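> After the sequence you'll find the predicted model.
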Amino acid sequence: MKHNVYLYILGMWAVTYLIRVLPLTLIRRQITNRTIRSFLHYVPYVTLAVMTFPAILTATQSPVSGALALVAGLVFAWLGGSLFQVSVTCCAVVFLAELVLVR
Amino acid sequence: MLTDRKKWFAKGLHDGIPIMLGYFAVSIALGISARNAGMTAPQATLASALIMASAGQYIGFTLIAAGASYLEVMVMEAIANARYLLMSCALSQKLKPELPLRHRLLIGLWITDEIFGLSVSVEGWLNPYYIYGMAAVATPGWALGTLTGVVLGNVLPVRVVSALSVGLFGMFMSIFVPPARKDRVIAALVVISFAASYAFNALAWFDSISSGMKIIILTVVISLGAALLFPVEGEGEHEA
């Protein structure tokens, strides 16, 4: 293999740790720049949404079951399902749908 | 002082149990994606024990599978985990100003969506031992679930693997949907993100751009546009 997996892991860990620890150790005040604050506020939602769709359609054996899991997840999360509940619901929907869809 | 630490550590252990169970189930899918990326069980388990980031690890594994450069993986890791920067900022306001550096360095290891969520909801100053207690049960849940995914991914029927593969997407939805329900700007952003992401993936014109780069471009453009058009006031980041 061209790259060393442990170096990938070390790099991923170092970046993630710095992101988590720098504000805790360096910033004792709230960020004052409104645009930066707002940008960082929106980033998580946009990134997660971009990563969810359309990737969920190709993650399963059938795009239809992926689409059903997407709808089920959105509705259940909207109704206040916990991380665990939403996650399990999506899995269950795919499993049941593919009993019919995939032979 | 010592009893205070014990009390908070015990409370953390207790409150961490549901997090551990959720993490175990969800990280099975992560283990499967690690296996698909060609990673071994020790590698995937180590990555989970250290990194504790669902979206970040998922995109990292995807890029590893694609043979991306170290720099590409680290840049994407920073983008995917940018939300922890905000959480860390918010959490810094919950710590006693005189809290020693060693505690701040330790807390930084375990800022996940769920641990953060419980930590900021504490009344008054946050005792770091609360986080240590939660981490003591949540981390094994995340690492062992990943291990289970890598190991059982080989013997699990295709149907089961297919079903578990959407577990992480369910987790993502449970993070971005509740804020979208409360905030129409975020709801609109989710719709725009879905549409733009679909267009980027469907149009042959963008085929030359790697999937990781697409996520970076879309995230920066859409978030910056929203920041300029709908700047956030006050302490809105506590929902992140």
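That came through fine. Numbers count the residues shown, from 1 in each chain, chains lettered A, B, ... in the order given.

> Within its local environment, how many residues does residue 57 see?
If you meant another chain, say so; for now it's chain A. 18 (other CB atoms under 10 Å in any protein chain shown). For the C-beta atoms, the positions are set from N, CA and C on the backbone; glycine is no exception.

> actually it's chain B I care about, not the one you picked
The number of residues packed near B:Gln57 is 28, by other CB under 10 Å.

> Surely it and B:Ala47 touch.
Yes - using CB atoms under 8 Å, B:Gln57 is in contact with B:Ala47, at 6.1 Å.

> Which neighbours do these two have in common?
Contact criterion CB atoms under 8 Å, 6 or more residues apart in numbering or on different chains; residues shared by B:Gln57 and B:Ala47: A:12, B:34.

> Look up the closest residue to residue 5, ignoring the ones flanking it.
Because you didn't say which chain, this covers chain A. In space, and not counting its chain neighbours, A:Val5 is closest to B:Gln43: 5.0 Å by CB to CB, 6 or more residues apart in numbering or on different chains.

> try again with chain B
In space, B:Arg5 is closest to B:Tyr129, 4.6 Å off (CB to CB, 6+ apart).

> ok, now which ones touch that neighbour?
B:4-6, B:8-9, B:12.

> Among the residues you listed, the buried ones, what's the ChimeraX command?
With 16 or more other CB atoms under 10 Å in any protein chain shown as the criterion, this ChimeraX line picks the buried residues out of these:
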select /B:8,9,12
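
> hmm, back to that, name the next helix or strand downstream of the one helix or strand the residue nearest to B:Arg5 maps to, please.
For B:Tyr129, the element it lies in under DSSP states H and E is helix B:128-152. Going down the chain from helix B:128-152, the next helix or strand is helix B:158-164, by DSSP H and E.

> how about the helix or strand following that next one, does it reach chain A?
Note on helix B:158-164: by DSSP H and E, the next helix or strand toward the C-terminus is helix B:167-182. Yes - residues of helix B:167-182 contacting chain A under CB under 8 Å from any CB of the partner chain: B:167-181.

> and helix B:167-182, how far out from the chain's middle?
Distance of helix B:167-182 from the chain centroid (CA atoms, centre = their mean, to the nearest Å) equals 12 Å.

> send the alpha carbons of it over as CSV?
Output of helix B:167-182 as CSV, limited to C-alpha atoms (Å, rounded to 0.1, in the frame of the first residue of the first chain):
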residue,chain,number,x,y,z
GLY,B,167,-27.1,3.9,10.6
LEU,B,168,-24.6,6.7,10.3
PHE,B,169,-26.9,8.7,8.0
GLY,B,170,-29.6,8.3,10.6
MET,B,171,-27.2,9.7,13.2
PHE,B,172,-26.4,12.7,10.9
MET,B,173,-30.1,13.3,10.4
SER,B,174,-30.7,13.2,14.2
ILE,B,175,-28.0,16.0,14.5
PHE,B,176,-29.2,18.4,11.7
VAL,B,177,-33.0,17.8,11.7
PRO,B,178,-33.9,19.1,15.2
PRO,B,179,-32.2,22.5,14.7
ALA,B,180,-33.8,22.7,11.2
ARG,B,181,-37.2,22.3,12.9
LYS,B,182,-36.5,25.3,15.2
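
> in chain A, which spans are strands?
Counting by DSSP state E, one finds no strands in chain A.

> Please name the nearest non-neighbouring residue to the one residue in it that gets nearest to chain B.
Residue nearest to chain B within chain A (CB to the nearest CB): A:Val21, separated by 2.9 Å. Excluding the flanking residues, the one nearest A:Val21 by CB to CB, 6+ apart is B:Gly108, at 2.9 Å.

> For the top helix by length along chain A, which residues meet the burial criterion?
Counting residues, the longest helix in chain A under DSSP state H turns out to be helix A:5-26. Across helix A:5-26, burial judged by 16+ other CB under 10 Å covers A:5, A:8-13, A:15-17, A:19-24.

> Just the angle for the biggest helix by length in chain B relative to helix B:128-152, thanks.
Selection of the longest helix in chain B by residue count, based on DSSP H, yields helix B:2-36. Interaxial angle of helix B:2-36 relative to helix B:128-152 (axes from the mean of the first three to the mean of the last three CA atoms, to 10 degrees): 20 degrees.
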